[in-house]
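Sequence first, predicted coordinates after that:
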Amino acid sequence: MNVTGIFIHPIKSCQRIELPQAEVTPKGFVWDRELMIVDQNHKFMTQRDYPQMAKIRVQLSEEMISLSVPGEPIEAFTFQPHFTGNPLEVKIWRDNTTAIDQGDDVADWLQKALKLSSEQPCRLVRQSPQQIRPVNPNYARRPEDRVSFADGYPFLLTNTASLAELNRRITLNNSVNCSEVPMIRFRPNLVIESEFPFVEDRWKLIKIGGVYFDVVKPCDRCIVTTTDQFTGKRDESKEPLKTLATFRRQAGGVMFGQNLIPVNTGVIRQNDPVQCLEHL
């Protein structure tokens, strides 16, 4: 087994960036979900309610971020994220934390890009290095385990064989032609190639390159998986959720992929070997 995909999402729910290698920190890959868009109540915004967020392309060049919306008549916008803006109390799921506002210019651009009304102002915030957002204590392995603005855990891993099995079942379950679901719909950080569907369900401790990870919880999936990650359009057949529900339903939802917490830091590269050291 080996790594075939490494991805970061600098702004939560916007487009991903594929990398040949990435640095593992305690809260995730460097720059992954470092920034987040919040609404007028300072509550996090995602594709669950704003599928058009999928259209925002994010490009990272050293310390600068460029934003654009391909196919839309809006000019690209480039800015430098910073830790010197006004602190905002923001809410992400059940967590309340302090984040750093990134200013009016990028907020105005995002409001236009997302086609929000004047009654729906939004802001872009960056996670403050002084604010540690802890992992759910029910699944944390150490008191210091932390996470970025990701939904709940520092890393999400998916398996190519699991996706192949899902797509096989989608084809069988649909009487009309149905396109295969691409891995991008699941927004993973790490994609591994294996021959065994859902072998990751049985992992407890793995090693990727020189980095060890606790495999702590399967990932329950939502409507985002039915959203085209370039156009923001929802799948009318409700795939892959419809088929996942036929064979991957557990307490808490339908599952695909595994959440990971790093044990140590390091660098992960494309084609790094993946080893399972402990099984459930």
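Happy to help now that I have it. Please read all numbers here as calculations on a predicted model, not as lab measurements. Numbering: from 1, shown residues only.

show me the contacts for residue 275.
By Cβ atoms under 8 Å, 6 or more residues apart in numbering, the residues touching residue 275 are 1, 206-208. Where you see a C-beta, it was placed from the backbone N, CA and C, and this is true even at glycine.

neighbours of the closest residue to residue 250 other than its chain neighbours, just the number please.
In space, and not counting its chain neighbours, residue 250 is closest to residue 218: 6.8 Å by Cβ to Cβ, 6 or more residues apart in numbering. Residues contacting residue 218 under the criterion other Cβ atoms under 10 Å number 19.

Would you confirm that residue 218 contacts residue 257?
Yes - using Cβ atoms under 8 Å, residue 218 is in contact with residue 257, at 7.1 Å.

which residue is nearest the centroid of the chain?
Nearest to the mean C-alpha position of the chain, by Cα atoms, centre = their mean, lies residue 187 at 4.8 Å.

What values do phi and psi take at that one?
Backbone geometry at residue 187, expressed as degrees, to the nearest 10, gives phi 50, psi 50.

Just list the residues touching it, thanks.
By Cβ under 8 Å, 6+ apart, residue 187 lies in contact with 7, 9, 16, 156, 224, 229.

which one of those residues sits closest to residue 47?
Nearest to residue 47, judged by Cβ to Cβ, of the contacts of residue 187 is residue 224 at 4.8 Å.

one step back: and which of the contacts of residue 187 is nearest residue 119?
residue 224 (24.8 Å).

What about the contacts of residue 187, which are in strands?
If you go by DSSP state E, those have 7, 156 in strands.

Distance from the helix or strand harbouring residue 108 to the middle of the chain?
In the assignment (DSSP states H and E), residue 108 maps to helix 104-113. Between the centre of helix 104-113 and the centre of its chain there are 22 Å (Cα atoms, centre = their mean, to the nearest Å).

buried ones in it?
By neighbour count on 16 or more other Cβ atoms under 10 Å, the buried set for helix 104-113 is 106-107, 109-111, 113.

Give me the helices and strands touching that helix, please.
Helix 104-113 sits against strand 64-68, strand 77-79, strand 123-127, with contacts defined as 3 or more Cβ pairs under 8 Å, 6 or more residues apart in numbering; DSSP states H and E.

Helix or strand next in line after the second one, which one?
Right, the one you point to is strand 77-79. Following strand 77-79 in sequence order, the next helix or strand is strand 87-92 (DSSP H and E).

Quick check: mean pLDDT of that following strand?
Mean pLDDT, computed over strand 87-92, is 97.

buried residues in that strand?
88, 90, 92.

Next: stretch 201-211.
Neighbour-count burial for stretch 201-211, with 16+ other Cβ under 10 Å as criterion, is recorded at 203, 206-209, 211.

next SSE after the longest helix along the chain?
Assignment by DSSP state H gives helix 160-173 as the longest helix of the chain. Proceeding N to C from helix 160-173, the next assigned helix or strand is strand 190-193, under DSSP H and E.

What does residue 263 show for phi and psi?
Per-residue torsions, residue 263: phi -90, psi -30 (degrees, to the nearest 10).

which residues does it contact?
Residue 263 makes contacts with 141, 205, 211-214, as judged by Cβ under 8 Å, 6+ apart.

at 6 Å instead, please
residue 212 (Cβ atoms under 6 Å, 6 or more residues apart in numbering).
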